[in-house]
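Engineer: Structure for the following, please:
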Amino acid sequence: MKKQLLFLPFIVMGFVACSTNPQTVKPELLTQGVEATKTGLVKPRKHRHKSQAEGVISVDIVNYDNRLHLLTGKHKQGQKTLWYQQSKDGGISWSSASKVLDEDNLPVKMTRGNDAQITAQGENIVVLWTKFDKTARFKAGAMLAARSNDNGQTWQYSATPPDWKQGPHGYIDLAADQQAIHAVWLDSRNRNPGVKASQGLRYAQSTDGGLSWQANISLDNLTCSCCWNTINTDAKGNAYVLYRDKQPSDLSIGRIDSQQQWQRLNHVGAFNWQFDGCPHIGGGFDFQNTAGKKRMHAIVGTGHPQHLGIHYSYSDDAGKNWSSAIAFGDESAIHADIASHDNGRVMAVWDMMSEDGLAIFRSESKDQGAHWSKPEQISTAGMRATHPAIVKTEKGFLTLWTENDGKHQTLTKKVW
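Structural biologist: Below is the predicted model:
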């Protein structure tokens, strides 16, 4: 069995009407559908419309000043809502969930991998999402926003970052530091019509707690059209963005400095993956400062036939150069995230096939990524578990993912 066939089921599950690279995916398999077995075999399955799961269909979390802010999106009988909670003890206990905007059916287009996003800056909390627009292609419209200035007690619709309002705007991410709130997303302004499955990466910042947004900056006009982006800030006011590039379709990282000057730094894992479709695979990264050594840890996914799966790498020069990529899990690993502490701990989480289906695994290093523990399954046996996220807390880590029993999808959290 060729490696690219093992990766194919995940491409099909997330495919968004994009053309494919015939060297990576066989077009005839896309039309008939496939499913994976534990042995990695792929067999045809009937093509059918798959309705959105009932339950939790969107998850995002952020830590600001040792307070965790959690945003979940829920789907119930065709209606979608957003819910906010916070934790002051690293995820051990949580406030009661409150409804964002107190609406029973928000116009929100969300799914795992294209989740609604949250960030916080003091008492100000900002939530962004893609509008559900039944008249638009893929029913994805312009960005919408909600804001709270009282630590999540009340919410109002607010200004959105894009100054190009046509939409769609998707694959959003947010970060905040003491100076600004930072937003990145994908849209199709200045799109190159000659490159299939492509969009562009945009950035804006707010210096008034999300009340207004400054002029947009196009960071890269040629990116993948449908992989999630990750933005994070360092102690010097720089915002780093991890995103899926195009030609090749490897994940790239760049930096926006305090003067809003953009510099693309490098690929994180130079796999030279040439792919014309939409893989729906992002990655994660985090900063660590231990014993005077400043290190960036990253985990990325690729569908390159010779490098299938997820890979860990680190940089000791602020993202300019990266260590050789180390594969975690097996070739079925696809969605991953990573977090690190200044005490030397680093933890990676990912989903991949287990004995009874897609499951969540973790591995930990206690020496800045030099050595890693054996992968350990942490999701519930017999449940289909996907899209893990991890965030550092004051004393450890919090991991989150969604589990589906075939009828209902729930959020699972675990403290380490």
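
Engineer: From now on I want contacts and neighbour counts done on CA atoms only, so please keep to that.
Structural biologist: OK.

Engineer: For Lys320, which non-adjacent residue is spatially closest?
Structural biologist: Leu265 (5.2 Å; C-alpha to C-alpha, 6 or more residues apart in numbering).

Engineer: Against Val195, how distant is that neighbour?
Structural biologist: 23 Å (C-alpha to C-alpha, to the nearest Å).

Engineer: Check Met383 too.
Structural biologist: According to C-alpha to C-alpha, Met383 stands 38 Å off from Val195.

Engineer: One more: Thr230?
Structural biologist: Counting by C-alpha to C-alpha - Thr230 and Val195 are separated by 23 Å.

Engineer: of those two, who's got more company?
Structural biologist: The neighbour count for Thr230 versus Val195, taken as other C-alpha atoms under 10 Å, is higher for Thr230 (24 against 14).

Engineer: pLDDT value on the more buried one, please?
Structural biologist: Looking at Thr230, its pLDDT reads 98.

Engineer: swap in Arg137?
Structural biologist: So, for Arg137, pLDDT stands at 89.

Engineer: go on, His75?
Structural biologist: You'll see His75 listed with a pLDDT of 97.

Engineer: Tell me if it really is in a strand.
Structural biologist: Yes. Counting by DSSP: H, G, I helix; E, B strand; the rest coil, His75 is located in a strand.

Engineer: how many neighbours does Asp356 have?
Structural biologist: Using other C-alpha under 10 Å, Asp356 has 12 neighbouring residues.

Engineer: same question but for Arg384, I mixed them up
Structural biologist: 21.

Engineer: The residue nearest to Lys320: what secondary structure?
Structural biologist: strand.

Engineer: Repeat that for the one 4 residues further on.
Structural biologist: Three-state call for Gly269 (three-state DSSP): coil.

Engineer: Identify the residues contacting it.
Structural biologist: Shown in contact with Gly269 (C-alpha atoms under 8 Å, 6 or more residues apart in numbering): 250-251, 300, 311, 313, 322, 324-325.

Engineer: Phi and psi next, for it.
Structural biologist: Dihedral pair for Gly269: phi 90, psi 90, per degrees, to the nearest 10.

Engineer: How much space separates it from Gly309?
Structural biologist: 12 Å.

Engineer: Likewise for Arg189?
Structural biologist: Arg189 is 31 Å from Gly309, by C-alpha to C-alpha.

Engineer: and if you look at Met353?
Structural biologist: 11 Å.

Engineer: what do you get for Asp133?
Structural biologist: 34 Å.

Engineer: of the two, who's got more company?
Structural biologist: More crowded of Asp133 and Gly309, by other C-alpha under 10 Å: Gly309, with 26 against 16.

Engineer: Surely the more buried one and Thr302 touch.
Structural biologist: Yes. Gly309 is in contact with Thr302 according to C-alpha atoms under 8 Å; the separation is 5.8 Å.

Engineer: Need the residues touching each of these two.
Structural biologist: With C-alpha under 8 Å, 6+ apart, Gly309 and Thr302 have common neighbours Ile334.

Engineer: Buried ones among the contacts of Gly269?
Structural biologist: Listed as buried from these are 250-251, 300, 311, 313, 322, 325; burial here means 16 or more other C-alpha atoms under 10 Å.

Engineer: Of all the residues in stretch 383-396, which ones are buried?
Structural biologist: For stretch 383-396, by 16+ other C-alpha under 10 Å, it's 383-393, 396.

Engineer: how about the helices of this protein, start to end?
Structural biologist: For the chain, the helices defined by DSSP state H cover 3-14, 27-32.

Engineer: ok, of those, where does mean pLDDT dip lowest?
Structural biologist: Across these, the lowest-scoring stretch is helix 27-32, with a mean of 26.

Engineer: in the chain, which ranges drop under the pLDDT threshold?
Structural biologist: Applying pLDDT under 70 to the chain flags residues 1-50.

Engineer: Nearest the middle, which residue of it would you pick?
Structural biologist: The chain has Trp228 as the residue nearest its centroid, 4.5 Å off, counting by C-alpha atoms, centre = their mean.

Engineer: Please enumerate residues in contact with stretch 169-185?
Structural biologist: Outside stretch 169-185, the residues that reach it (C-alpha under 8 Å, 6+ apart) are 64, 113-121, 128-130, 140-143, 161, 186-187, 201-210, 226-233, 237, 239.

Engineer: which of these are buried?
Structural biologist: Counted by 16+ other C-alpha under 10 Å, the contacts of stretch 169-185 give 64, 113-121, 128-130, 140-143, 161, 186-187, 201-206, 209-210, 226-233, 237, 239 as buried.

Engineer: which ones among those residues are found in strands?
Structural biologist: 64, 117-121, 128-130, 140-143, 186-187, 201-206, 230-233, 239 (DSSP state E).
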